[in-house]
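Here is the input, now give the coordinates:
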Amino acid sequence: MSDREFVDFATVRDLLDAANERRGELSYEQMMALQHATWASSTNRGGIKTDPKVFAALFSVLMENDKLAENPDICAKIAELTPMDVAGVRVIIASKRVAMDTSEIEEVIEIVRQHVL
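Reported below is the predicted structural model:
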């Protein structure tokens, strides 16, 4: 298992908002990151608003899948983007060349639906 921690865009947004309140200002790069995280965690991207609790629960369940467990970054991406069709999952898993047949992908989609809807 990886020693890296994966977080969703809503968490990034919340952390940057908190830093902005504490310090009173953010660097240009942090402001751009905050702007992107705000957009990415909203319903404007994909129609589903990001929720840190849903992300964590979905990531945990996806990590139990034998084929996905080897790639926690893929689990995080699926948990963040919440694809609802086979093509959407295939695009994500293709980056790491994870071999899954259609029935396995449909199981992943069913897990996503259980957590998001």
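
Only C-alpha atoms from now on, for both contacts and neighbour counts.
Noted.

Who are the contact partners of residue 113?
Each residue near residue 113 by Cα atoms under 8 Å, 6 or more residues apart in numbering is listed here: residue 84.

what about it, which helix or strand?
Residue 113 belongs to helix 102-116 when elements are defined using DSSP states H and E.

quick check, distance from that helix to the centre of its chain.
What separates the centre of helix 102-116 from the centre of its chain is 15 Å, taken as Cα atoms, centre = their mean, to the nearest Å.

Please point out which parts of that helix sit buried.
105-106, 108-109, 111-112, 116 (16 or more other Cα atoms under 10 Å).

pLDDT wise, what is residue 43 at?
Taken from the predicted model, the pLDDT recorded for residue 43 is 87.

which residues sit in contact with it?
Per Cα under 8 Å, 6+ apart, neighbours of residue 43: 49-50.
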